[in-house]
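S.K.: Could you work out the structure for the sequence below:
(one chain, ligands or ions: 1)
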Amino acid sequence: MARLLEYADAETAAAALALHVAGRLRADLDSQERTVLVVSGGKSPVPFFRALAAQPLAWERLIVTLADERWVPPDHPDSNEALVRRHLLTGRAAAARMVPLWSASATPEAAAQALVPVLAALPRPFGQVVLGMGEDGHVASLFPDAPELQEGLRTAEPVLAVHPGAAPHPRLSLSLATLLQSRDLALLVSGEPKARLLERALGDGPVEELPVRAVLRQAAVPVSVFWAP
Ligand SMILES: O=C(O)[C@H](O)[C@@H](O)[C@H](O)[C@H](O)COP(=O)(O)O
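M.R.: From the prediction side, this is the model:
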């Protein structure tokens, strides 16, 4: 059962999430050499990235990777890697090691194959996974209208290529199984247009309709929704 935390505005939710994530990662780094933070892209996480970058942490022992990536190189304005580098890996946080999903492979399928050993080498469980929720209920790049949705929800492979029907760019997405290999999950959602959607996502209905439900419903990993209208 997901824990719903409501804040007055997006900035306050982002600050609270940054404290939550920093505390979680610090707890790992007190008892192990390295830990992994997995983040999504999109617009919502920018204030969270800035707030987290200001947190005192042993950044040089932190590995940052993405829940999903658009099939564009890092110098493209839609690149999630570029977003993370610009807003999170700044100041002391620049010492963290970034593990990108994009590579100069011929296709997203080839990039997914190349990522298998890279992701297998990351310490498990991840310290923290932070996700957003798209206006169609997608999470990471598990889109309701993508032909690969069932595969993403069921495969034991770590990552897959996704071709969403409407959203721009093919994607690379961690599979649901991999997103759940974490000590903790947080979902950052804000804005009135997503209020009704979040209510529906937390209610009954098929996962295929709103894939975010797969994360909200599972009981293996604690999940908190940082919500601001
Ligand atoms: O690359 C992406 O698009 C994301 O990783 C995606 O899953 C995102 O989290 C949601 O689409 C929410 O995006 P917004 O924050 O822009 O609404």
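
S.K.: Please see if the helix or strand residue 195 falls within touches the ligand.
M.R.: Using DSSP states H and E, residue 195 maps to helix 195-202. No. On the criterion Cβ under 6 Å from any ligand atom, helix 195-202 is out of touch with the ligand, staying 10.6 Å away. Where C-beta positions appear, they are placed from N, C-alpha and C, glycine not excepted.

S.K.: can you list the residues of the protein near the ligand?
M.R.: Residues of the chain lying near the ligand by Cβ under 6 Å from any ligand atom: 40-44, 67-68, 70, 80, 132-134, 138-140.

S.K.: Recalculate using a threshold of 5 Å.
M.R.: Residues of the chain lying near the ligand by Cβ under 5 Å from any ligand atom: 40, 41, 42, 43, 44, 68, 80, 132, 134.

S.K.: Let me have those residues in a markdown table, adding pLDDT as columns.
M.R.: A markdown table is the format used below for the residues of the chain next to the ligand (pLDDT from 0 to 100):
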| residue | pLDDT |
| --- | --- |
| 40 | 97 |
| 41 | 96 |
| 42 | 93 |
| 43 | 91 |
| 44 | 93 |
| 68 | 98 |
| 80 | 98 |
| 132 | 98 |
| 134 | 97 |
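
S.K.: Narrow these to just the buried residues.
M.R.: For those, a burial check counting by 16 or more other Cβ atoms under 10 Å picks out 40, 41, 42, 44, 68, 80, 132, 134.

S.K.: and the first one, what does it touch?
M.R.: Contacts were defined as Cβ atoms under 8 Å, 6 or more residues apart in numbering; by that measure residue 40 touches 66, 67, 68, 80, 130, 131, 132, 139, 140.

S.K.: just the fourth one next, same as before
M.R.: Under the criterion of Cβ under 8 Å, 6+ apart, the contact list for residue 44 reads 10, 132, 188, 189, 190.

S.K.: Do me a favour and get the end-to-end distance for stretch 83-99?
M.R.: 13 Å (Cα to Cα, to the nearest Å).

S.K.: Ok, stretch 197-216 next?
M.R.: 13 Å.

S.K.: can you list contacts of that stretch?
M.R.: 2, 4, 131, 133, 135-139, 142-144, 149-150, 152-153, 176, 179-180, 185, 187, 189, 217, 223, 225, 227.

S.K.: Recalculate using a threshold of 7 Å.
M.R.: Stretch 197-216 is contacted by residues 2, 131, 133, 135, 137-139, 142, 144, 149, 153, 176, 179, 185, 187, 189, 223, 227 when judged by Cβ atoms under 7 Å, 6 or more residues apart in numbering.

S.K.: got a list of contacts for stretch 88-103?
M.R.: For stretch 88-103, the surrounding residues in contact (Cβ under 7 Å, 6+ apart) are 49, 52-53, 59-60, 62-66, 69, 73-74, 79, 81, 84-85, 111, 114-115, 118, 122, 172.

S.K.: I'd like to know which of the contacts of stretch 197-216 are part of strands.
M.R.: Residues of the contacts of stretch 197-216 located in strands (DSSP state E): 131, 185, 187, 189, 223, 227.
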